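Chemist: got a predicted model here, sequence first, then my questions.
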There are 2 protein chains.
Amino acid sequence: MGTSLALALRGKCSAVHGVDPNPEARAAAAFAFDTLHADLESAAPTAQVIILAAPVRAILKLIPAAAAYAQPGTLILDLGSTKRAVVHALDALPDHLLAVGGHPMCGKATNGAEAAEDTLFQDCTFVLCPTARTTPEALAAARQIVRLCGGRPLLVEAEAHDRAVAVISHTAYLLSAAYMDTVRVEAAEQGELVWELAASGFRDMTRLSGGGVEMLHDVLLENRAMISATLTLFEMRLSYLRNLLERGQEARLRTEMERIQGLRRDWERRKQS
Amino acid sequence: MGTSLALALRGKCSAVHGVDPNPEARAAAAFAFDTLHADLESAAPTAQVIILAAPVRAILKLIPAAAAYAQPGTLILDLGSTKRAVVHALDALPDHLLAVGGHPMCGKATNGAEAAEDTLFQDCTFVLCPTARTTPEALAAARQIVRLCGGRPLLVEAEAHDRAVAVISHTAYLLSAAYMDTVRVEAAEQGELVWELAASGFRDMTRLSGGGVEMLHDVLLENRAMISATLTLFEMRLSYLRNLLERGQEARLRTEMERIQGLRRDWERRKQS
């Protein structure tokens, strides 16, 4: 994500410097940055904007480190997938720093600099969350960064963001993983046929389960209360449909599945328009 | 499906005739067939092969109708999404007819002749199920039809097929629908933000729920015992992951999610090779 952002911003600002303690990661990302540094200490003092791209709990550790080396007036922006804890940490920054929480609603199944794309943010909704350190100028600068990399900035409170992504993303990840694991158990019993018949439906339903545990592990734990509430709701909806099926309530099952089909088609139409 | 198959076979056999009682459906599909008929009575007597493309329970009604008008030696092949009930019905055909059950493992979210594609079967696994009316010649003919339209024939017993698709397809459809409906409830509570943040994960997880109820309704009801067994297993797997999350068992949750990520990545690798 960090390397994709560097690619998207390069040439649109005076310089893009990268920081990664891992020498191999630096070597792999070198093509995307003007300079690369092993620590914030050497890169932060000259930065106008510090963008923290890492799993959420790593970001929480990086915020005080960035603050220690940043010049007054520096804007700190993060790309963490949950926002309450991050915004809470940004709220606590010293008065001479500016901060905006961020979460670009784009991603890919593969991580690392090799998978970076300068078009990753193109047309993607890029959430910006206000903090106690968000002045109108800080927000304007964050919006400009989002637009420079092709995204659409959307101002959202951290709490509302976390509730929405619990539904739209984190719950989906857990369901995808539970389904993938279900197929494994059945394939162990039934044999290779299960894999041979797996087609586009299986592919789509399990895609998220193949995604980066590295990022999502923090996300699950940070957002667990909201995910848990959504799972309770999901279990109720599934159990309702399952009951209609098992009791052979054909007419009602059809009505429900048509209603749900309509919801999905409406979403697709709105998305296209 | 029927129109796509007609497009894929046209020019590779002497003629492709279509049957549909609905005049509008006939008009829409006219481009794909040599002739179109309102009933089996007028088309079946000259056919060497009769292919039944319809929802499963419609196929069950079409089998005796096709048998009534088919000449001796005619091969009846169906494209139904579950196979036990269909094969049972094909078993009961008179001795002078041949029959093979079929299920191409491909599909699309949109139905109807307008959505037909001559490449739909390209490289898709096309299940063939033996029946009491499957001679070696009948099977060879069915395999040839599959290959002519670009598919890969795979001989599978009806029972094994239905168990496997319960896991790989039908359960996925119900999970996708239950998840779509969960998002609706949450969006009603949280507001438009949920829809605004919906990205590729949501799109993939809900795609099946927007698919054709027409076809899938029969499938759910025909295969409900096996779907139900898979749902029980799914609920166990989900509940296991959910418990690890809610209890904050971080190390074990990470291990499990990494294991599942590995399963998905292995599948993708095998699929590509």
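Modeler: Looks like it came in fine. Residues are numbered from 1 along each chain as shown, chains lettered A, B, ... in the order given.
Chemist: please make it C-alpha for all contacts and neighbour counts, starting now.
Modeler: Will do.
Chemist: do I have it right that residue A:3 meets residue A:120?
Modeler: No. Using CA atoms under 8 Å as the test, residue A:3 is too far from residue A:120 to be in contact (10.2 Å).
Chemist: any idea which element residue A:254 lies in?
Modeler: helix A:250-272 (DSSP states H and E).
Chemist: can you give the contact residues for that helix?
Modeler: A:241, A:244-245, B:177, B:180-181, B:184, B:195, B:206-207, B:209-213, B:217, B:221 (CA atoms under 8 Å, 6 or more residues apart in numbering or on different chains).
Chemist: starting at the chain centroid, how far to it?
Modeler: Its chain's average C-alpha position is 27 Å from that of helix A:250-272, according to CA atoms, centre = their mean, to the nearest Å.
Chemist: before we move on, what about stretch A:206-223?
Modeler: Distance, centroid of stretch A:206-223 to centroid of chain: 9 Å (CA atoms, centre = their mean).
Chemist: quick one: buried residues of it?
Modeler: A:206-213, A:215-223 (16 or more other CA atoms under 10 Å in any protein chain shown).
Chemist: show me those residues that map onto helices.
Modeler: The members of these that map onto helices under DSSP state H are A:206, A:213, A:215, A:216, A:217, A:218, A:219, A:220, A:221, A:222.
Chemist: go back to those and keep what's next to chain B.
Modeler: A:206, A:213, A:217, A:220, A:221 (CA under 8 Å from any CA of the partner chain).
Chemist: contacts only, for the first one.
Modeler: Contacts for residue A:206 were tallied using CA under 8 Å, 6+ apart; they are A:176, A:177, A:179, A:180, B:264.
Chemist: now neighbour count and pLDDT too, for the residues you listed, in TSV please.
Modeler: Output for the contacts of residue A:206, formatted as TSV (neighbours: other CA atoms under 10 Å in any protein chain shown; pLDDT from 0 to 100):
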residue	neighbour count	pLDDT
A:176	27	98
A:177	30	98
A:179	29	98
A:180	27	98
B:264	23	96
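Chemist: any chance of those in a markdown table, with secondary structure too?
Modeler: Formatted as a markdown table, these follow (DSSP: H, G, I helix; E, B strand; the rest coil):
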| residue | secondary structure |
| --- | --- |
| A:176 | helix |
| A:177 | helix |
| A:179 | helix |
| A:180 | helix |
| B:264 | helix |
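Chemist: now for the longest strand seen in chain A, which elements pack on it?
Modeler: Longest strand of chain A, by residue count under DSSP state E: strand A:98-104. The contact analysis (3 or more CA pairs under 8 Å, 6 or more residues apart in numbering or on different chains; DSSP states H and E) places strand A:98-104 against strand A:75-78, helix A:84-91, strand A:125-129, helix A:136-148.
Chemist: stretch A:242-251 - what's its average pLDDT?
Modeler: Throughout stretch A:242-251, pLDDT has a mean value of 96.
Chemist: then stretch A:265-273?
Modeler: Per-residue pLDDT over stretch A:265-273 has a mean of 88.
Chemist: just the buried residues of it, please?
Modeler: For stretch A:265-273, by 16+ other CA under 10 Å, it's residue A:265.
Chemist: shaky segments in chain A?
Modeler: Chain A contains residues with pLDDT under 70 at A:108-111.
Chemist: per-domain residue ranges of it.
Modeler: As assigned by automatic domain parsing, chain A contains the domains A:2-156, A:161-272.
Chemist: what's the end-to-end length of the shortest one?
Modeler: Looking back up the chat, that one is domain A:161-272. 23 Å (CA to CA, to the nearest Å).
Chemist: re the thing from before, from the ones next to chain B among the ones in helices among the buried residues of stretch A:206-223, pick the one nearest residue A:273.
Modeler: residue A:206 (27.7 Å; CA to CA).
Chemist: what does stretch A:94-102 contact?
Modeler: Contacts for stretch A:94-102 (CA under 8 Å, 6+ apart): A:67, A:70-80, A:83, A:86-87, A:90-91, A:126-135, A:138-139, A:142.
Chemist: my error: substitute stretch A:129-138 in the last question.
Modeler: A:75, A:83, A:87-88, A:90-93, A:95, A:97-102, A:139, A:155-158.
Chemist: please repeat the previous calculation with a cut-off of 6 Å.
Modeler: Contacts with stretch A:129-138, where a contact means CA atoms under 6 Å, 6 or more residues apart in numbering or on different chains, come from A:87, A:91, A:98, A:99, A:100, A:101, A:155, A:156, A:157, A:158.
Chemist: distance across that stretch, terminal residue to terminal residue?
Modeler: Note: stretch A:129-138 ends 11 Å apart using CA to CA.
Chemist: for that stretch, which positions count as buried?
Modeler: A:129, A:130, A:131, A:132, A:133, A:134, A:138.
Chemist: against residue A:50, how distant is the second one?
Modeler: Separation of residue A:130 from residue A:50 (CA to CA) stands at 16 Å.
Chemist: cool, the third one as well?
Modeler: Using CA to CA, we find residue A:131 at a distance of 16 Å from residue A:50.
Chemist: tell me the residues of chain A that contact chain B?
Modeler: Counting by CA under 6 Å from any CA of the partner chain, the residues of chain A close to chain B are A:164, A:168, A:178, A:182, A:194, A:198, A:202, A:204-205, A:209-210, A:234, A:237-238, A:261, A:264-265.
Chemist: picking that back up, now do the helix holding residue A:254 against helix B:213-222, angle only.
Modeler: Relative orientation of helix A:250-272 versus helix B:213-222 (axes from the mean of the first three to the mean of the last three CA atoms, to 10 degrees): 140 degrees.
Chemist: phi and psi next, for the closest residue to chain B within the stretch 1-150 of chain A.
Modeler: Going by CA to the nearest CA, chain B is nearest to residue A:105 of the stretch 1-150 of chain A, at 6.5 Å. Main-chain dihedrals, residue A:105, degrees, to the nearest 10: phi -90, psi 60.
Chemist: check contacts around it.
Modeler: A:125, A:126.
Chemist: could you point out which element follows the host helix or strand of residue A:178?
Modeler: Assessed by DSSP H and E, residue A:178 sits inside helix A:171-190. Scanning forward in sequence from helix A:171-190 by DSSP H and E, the next helix or strand is helix A:193-197.
Chemist: ok, and what's touching that next one?
Modeler: A:187, B:164.
Chemist: what number of residues lie near the spatially closest residue to residue A:220 that is not a sequence neighbour?
Modeler: Of all residues not flanking residue A:220 in the chain, residue A:170 sits nearest, at 6.6 Å (CA to CA, 6 or more residues apart in numbering or on different chains). As a burial measure, residue A:170 scores 28 neighbours (other CA atoms under 10 Å in any protein chain shown).
Chemist: am I right that residue A:119 falls within a strand?
Modeler: No. Residue A:119: not assigned to a strand; according to three-state DSSP it is coil.
Chemist: who's in contact with residue A:113?
Modeler: A:3, A:28, A:29.
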